[in-house]
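Peer 1: what's the 3D shape of this:
(4 chains)
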Number of protein chains: 2
Amino acid sequence: MNRPLAFDRLNHILQSLDASGSVSVGELAERFGVSKETIRRDLKSLADQGRVSLVHGGATLGLPAEPSLSRREAENAPGKAAIGRKAASLVRDGMVVLIDSGSTTLFLAEALITREHLTVITNSLPIALTLCRTQVVKTIMLGGEIHANDEASFGVDTLELLRHYTVDLAFVGAGGISDEGDFTDYTRLAAEQRHLMLKAGRKAYVVADHTKFERRTPVTIAPTPSLAGLIIDRLPDELASARAAQQRWPILLA
Amino acid sequence: MNRPLAFDRLNHILQSLDASGSVSVGELAERFGVSKETIRRDLKSLADQGRVSLVHGGATLGLPAEPSLSRREAENAPGKAAIGRKAASLVRDGMVVLIDSGSTTLFLAEALITREHLTVITNSLPIALTLCRTQVVKTIMLGGEIHANDEASFGVDTLELLRHYTVDLAFVGAGGISDEGDFTDYTRLAAEQRHLMLKAGRKAYVVADHTKFERRTPVTIAPTPSLAGLIIDRLPDELASARAAQQRWPILLA
DNA sequence: ATATAAAACCACAAAATGCCACATCATGCC
DNA sequence: GGCATGATGTGGCATTTTGTGGTTTTATAT
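Peer 2: Okay, here's the model as predicted:
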């Protein structure tokens, strides 16, 4: 099998791949002080296991890159709008609501612009901008490092701010849903943050459209007891992930 | 030599296309440090996959990008744009920069979108959104309660986050300029926050257009020794406030 | 319409990468 | 120790990518 040295190398490769999404043969060879050919063989073995995909000059994550926000908005827009309206119907005037970033929750925010005496806490720049322009909804932005793809903040600052707030309702997104019915995410950090968001709500809902049942993302979001339900546009019963979710959580169909 | 991955280039192109709706060959070539011909080949291959459509000078998704709302509404837009460019000329690659909210600073942000290896910290939602969409500038949003008129955060959370950061350059706005040459603001809270922002910069600049000399606002922003200058479009010498400012601070004319 | 500058296209050269075969070295095992 | 095994390095050669110079096309102003 692999010698200890080689094993370390593979780990480091996977690790930096996780961090930046791509690695180059030249950089790795230099970093580990080995020849490029060796790195190429490493990457090839990882590719054979399906853990990375090779590109000219290096490798990238085998998982498809997270689609950008504007792309996600276009995808299944009617379904997401319905989810947004359904979620908005749970919100009553005077409540304090936490809204996660994402294309689905953006529809929720738009459904809330006519409300009054509302306080909304969010980590999403577009949601904060939309709501503060109403001049009526009191808006609180969870600051911190901005993740460009989501146009939202993730990180230690965000987590720290989150700890200060407890809300009536929390609406949180997810990257995908596993065969066990667990919610999953693209990165460890995002999963942790979403977990904290769920905990911050006296009642917490996960919003997801049906395409999430078919999407696998690597990190599991730890479940929380305060989860009041899953709001979804429809439930494809031929999928294991959908059946599992149905058993584990209350389902609210939009 | 190590070549940067072509794969990353394609990703960045798609992402900035998603963000802004269009890209130009020249900009991309400069940003990645490759020849225009290479960019043309990249765009062509993406066009072959039907993922972008080519136009003379670049590529597009067909979606027209709407110019930022608050920018068009701004009074004295040409003057503020000039101030933004002047301020941007003080920023060098690799710096960490703090940018206050305001229409003038929004022009500064837009002048920075072509830069690389920049970290920008801001309390303004539109500035954070604009910069994070470049996919290149690292953006940190100072969270907290959003003040609707400014579309920016002010308050205890913002002040608390601000304490964590020290930056190379700080660009801060002001509500007005007093006859003594002091900078003034509308509220006690805003004045305190701007004071802290000025202190957070190793070098700090106040940006203001000439209309500020004629405007009185109630609270004085406490002066700071690290103030490196006042960046302004022109200096009306018939006003007491202008003469006083000229005596007290270094003036940078845009 | 014509002039002009910028951009696109094309073909070829240069550089970097990938692949293969073989030599070398370390390690494990008998 | 001697041998087998697997990892690593080296050099040759094919492939891919990139840059360059020249020509053609396009956009825009006069």
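
Peer 1: Count the residues that sit near A:Arg163.
Peer 2: Applying other CB atoms under 10 Å in any protein chain shown, we find 10 residues neighbouring A:Arg163. Heads up, the C-betas are built off the backbone N, CA and C, glycines and all.

Peer 1: ok, the closest residue to it other than its chain neighbours to chain B distance?
Peer 2: Excluding its sequence neighbours, the residue lying closest to A:Arg163 (CB to CB, 6 or more residues apart in numbering or on different chains) is A:Leu196, at 7.6 Å. Look at A:Leu196 and chain B: by CB to the nearest CB, to the nearest Å, they are 15 Å apart.

Peer 1: Now the stretch 101-250 of chain A against DNA strand C: closest residue?
Peer 2: A:Pro218 (24.5 Å; CB to the nearest atom of the strand).

Peer 1: got it, and the stretch 51-200 of chain A?
Peer 2: A:Gly57 (4.4 Å).

Peer 1: Would you agree that residue is in contact with A:Val23?
Peer 2: No - A:Gly57 lies out of contact with A:Val23 (CB atoms under 8 Å); the separation is 9.6 Å.

Peer 1: Could you check which of the two has the larger neighbour count?
Peer 2: Shown here are A:Gly57 and A:Val23; by other CB under 10 Å, A:Val23 has more neighbours (26 against 18).

Peer 1: is it fair to say A:Glu145 lies in a strand?
Peer 2: Yes - judged by DSSP: H, G, I helix; E, B strand; the rest coil, A:Glu145 forms part of a strand.

Peer 1: so it sits right up against A:Leu159, yeah?
Peer 2: No - the pair A:Glu145 and A:Leu159 does not pass the contact test of CB under 8 Å, sitting 11.0 Å apart.

Peer 1: distance between the ends of stretch A:241-254?
Peer 2: Stretch A:241-254 has its terminal residues 19 Å apart, counting by CA to CA, to the nearest Å.

Peer 1: same check, this time on stretch A:246-254
Peer 2: 15 Å.

Peer 1: re the thing from before, how about the residue of the stretch 51-200 of chain A closest to DNA strand C, what does it touch?
Peer 2: A:24-26, B:3, B:5-7 (CB atoms under 8 Å, 6 or more residues apart in numbering or on different chains).

Peer 1: Was I right to think A:Ile13 contacts A:Asp42?
Peer 2: Yes - counting by CB under 8 Å, A:Asp42 is a contact partner of A:Ile13 at 6.3 Å.

Peer 1: circling back to that earlier point, and the residue of the stretch 101-250 of chain A closest to DNA strand C, how far from B:Ala152?
Peer 2: 35 Å (CB to CB, to the nearest Å).

Peer 1: The two - which one has more neighbours?
Peer 2: Legend: neighbour count by other CB under 10 Å for A:Pro218 and B:Ala152, higher for B:Ala152 (28 against 15).

Peer 1: What separation is there between that one and B:Val96?
Peer 2: 19 Å.

Peer 1: Now A:Asp209. Nearest residue, chain neighbours left out?
Peer 2: A:Gly79 (4.7 Å).

Peer 1: Could I get the buried residue list for stretch A:157-174?
Peer 2: By 16 or more other CB atoms under 10 Å in any protein chain shown, the buried positions in stretch A:157-174 come out as A:157-162, A:165, A:167-174.

Peer 1: from those residues, which single one is nearest A:Gln49?
Peer 2: Distance to A:Gln49 across the buried residues of stretch A:157-174 (CB to CB) is lowest for A:Ala174, with 26.6 Å.

Peer 1: Give me the secondary structure label for the closest one.
Peer 2: coil.

Peer 1: so who does it touch?
Peer 2: With CB under 8 Å, 6+ apart, A:Ala174 has these contacts: A:183-185, A:194, A:206, A:208, A:212, A:221.

Peer 1: What pLDDT is listed against it?
Peer 2: With respect to pLDDT, A:Ala174 scores 93.

Peer 1: Check the gap between it and chain B for me.
Peer 2: Distance from A:Ala174 to chain B, by CB to the nearest CB: 21 Å.
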